[in-house]
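Peer 1: Below is the sequence, then the predicted model.
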Number of protein chains: 2
Amino acid sequence: MNVADLLARRSIRKYTDEPIRADQLQAALEAAMAAPSAMHCDPWRFIVIESQADRDRLADALPFGQMLRHAPMGIIVCGDLNVAHRNQLSYLLQDVSAAIQNLLLALHAQGLGAVWLGIHPNDDRVAAVKASFDIPDHVIPVSAIALGHPAEHPEARTRFNANHVHYGKW
Amino acid sequence: MNVADLLARRSIRKYTDEPIRADQLQAALEAAMAAPSAMHCDPWRFIVIESQADRDRLADALPFGQMLRHAPMGIIVCGDLNVAHRNQLSYLLQDVSAAIQNLLLALHAQGLGAVWLGIHPNDDRVAAVKASFDIPDHVIPVSAIALGHPAEHPEARTRFNANHVHYGKW
């Protein structure tokens, strides 16, 4: 792995018709669940969405997730509050987000593309996704991922800003 | 980048005396700030901690951060609530956590080791870190990183659990 690889992962919203293979999904989930988590509670949970009807229902809940209608796959990434360290939402969000970033990078490493779609803390989206996919009360759908084979190829880049770095104190 | 690289990044808590070079830190920060963020608000902020006195003060605030006393460097990773999408803590935590995961991976890619140390939502730790490092009210120290050249070399692994994956609905 090179640092440049981390800059080359970009949000991909356009996909070809080629499906995601089971081994590609498996590798991505293994990477997601290799992320660090507070006290190794591993509160992350994944709902893999493949059928056109299910992807449409997810897109119905997510105004910025319309590409799900044309993506071969979506994944709803959730966190289980009953499992998170001290049942704290903050740890849940940190752990799930680290897993999502690993998931995105593992897809990129396999030549696939994906985009992170916000669900939490938008109450309307959380409620709609929970209702549509039978998610229990103690489980929070944090974000969704749309994924597929890239039909766009943005350049590598960082948004590095030296003003965001302090030394010794704020 | 291979998926295996993502499984090879492990928490490293023991370091040699070799310092972190400026170019290594720069590459890690560029990777951190290449993470996705909600509406590109980029709420992440970084405080680089190098002197023995500063590392000791950070360790004083973090019960599980005692390795900071012997690490060549620490980084406090914060989020600015005034900058986060809709000033929402959830987006702040998601964005900062994605940046931290990229930071950890960029260190690993350079042969360095690091560990993610929780600050938020522990009120005592947040207050102590804010006071010690002059962090303004609207900025939340989410986590700290201890980093250095690895003096331990744990095996690659995933904590993949098939029970954490659902298909079509929960």
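Peer 2: Ah, there it is.

Peer 1: any weak-confidence spans in chain A?
Peer 2: In the predicted model, chain A carries no residue with pLDDT under 70.

Peer 1: could you point out the longest helix in it?
Peer 2: helix A:89-109 (DSSP state H).

Peer 1: how far out from the middle of the chain is it?
Peer 2: Counting by C-alpha atoms, centre = their mean, to the nearest Å, helix A:89-109 is centred 6 Å from the centre of its parent chain.

Peer 1: Give me the angle between that helix and helix B:89-109.
Peer 2: Here helix A:89-109 runs at an angle of 50 degrees relative to helix B:89-109 (axes from the mean of the first three to the mean of the last three C-alpha atoms, to 10 degrees).

Peer 1: For helix A:89-109, C-alpha coordinates in CSV please.
Peer 2: Taking C-alpha atoms only, helix A:89-109 is exported to CSV below (Å, rounded to 0.1, in the frame of the first residue of the first chain):
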residue,chain,number,x,y,z
LEU,A,89,-23.6,6.8,20.2
SER,A,90,-20.2,8.5,19.8
TYR,A,91,-18.2,5.3,20.0
LEU,A,92,-20.8,3.7,17.6
LEU,A,93,-20.3,6.4,15.1
GLN,A,94,-16.5,6.4,15.3
ASP,A,95,-16.3,2.6,15.0
VAL,A,96,-18.8,2.4,12.1
SER,A,97,-17.1,5.3,10.3
ALA,A,98,-13.7,3.7,10.5
ALA,A,99,-15.2,0.5,9.1
ILE,A,100,-16.9,2.4,6.2
GLN,A,101,-13.6,4.0,5.3
ASN,A,102,-11.9,0.6,5.2
LEU,A,103,-14.8,-0.7,3.1
LEU,A,104,-14.5,2.1,0.6
LEU,A,105,-10.8,1.6,0.3
ALA,A,106,-11.2,-2.2,-0.1
LEU,A,107,-13.6,-1.6,-3.0
HIS,A,108,-11.1,0.9,-4.6
ALA,A,109,-8.3,-1.6,-4.1
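
Peer 1: Who are the packing partners of the helix or strand where residue A:57 lies?
Peer 2: When elements are assigned from DSSP states H and E, residue A:57 belongs to helix A:52-61. With contacts taken as 3 or more C-beta pairs under 8 Å, 6 or more residues apart in numbering or on different chains; DSSP states H and E, helix A:52-61 sits against strand A:73-80, helix A:123-132. For glycine as for every other residue, the C-beta is placed from the backbone atoms N, C-alpha and C.

Peer 1: in the longest one, what counts as buried?
Peer 2: Buried residues in helix A:123-132, counting neighbours by 16 or more other C-beta atoms under 10 Å in any protein chain shown, are found at A:125, A:126, A:128, A:129, A:130, A:132.

Peer 1: Show me what the longest strand belonging to chain A pairs with in its sheet, parallel or antiparallel.
Peer 2: If you go by DSSP state E, chain A has its longest strand at strand A:139-148. Partners of strand A:139-148 in the sheet, by DSSP bridges, are strand A:73-80 (antiparallel), strand A:113-118 (antiparallel).

Peer 1: now these as a markdown table including mean neighbour count?
Peer 2: Output for these, formatted as a markdown table (neighbours: other C-beta atoms under 10 Å in any protein chain shown):
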| stretch | mean neighbour count |
| --- | --- |
| strand A:73-80 | 26 |
| strand A:113-118 | 24 |
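
Peer 1: Out of those, which gets nearest to residue B:95?
Peer 2: Of all the strands paired with strand A:139-148, strand A:113-118 sits nearest to residue B:95, with 9.9 Å by C-beta to C-beta.

Peer 1: So what touches the closest one?
Peer 2: Strand A:113-118 is contacted from outside by A:10-13, A:15, A:62, A:64-65, A:67-68, A:100, A:103-104, A:107-108, A:125, A:143-150, A:152, B:36, B:38, B:85, B:91, B:94, B:98, using C-beta atoms under 8 Å, 6 or more residues apart in numbering or on different chains.

Peer 1: so that strand versus helix A:52-61, what angle?
Peer 2: Computed by the same axes, to 10 degrees, the angle between strand A:113-118 and helix A:52-61 is 50 degrees.

Peer 1: rewinding a little: buried among the contacts of strand A:113-118? Need that as a selection in PyMOL.
Peer 2: Only the buried entries of the contacts of strand A:113-118 go into this PyMOL selection, using 16+ other C-beta under 10 Å:
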select buried, (chain A and resi 10+12+13+15+62+65+67+68+100+103+104+107+108+125+143+144+145+146+147+148+149+150) or (chain B and resi 36+38+85+91+94+98)
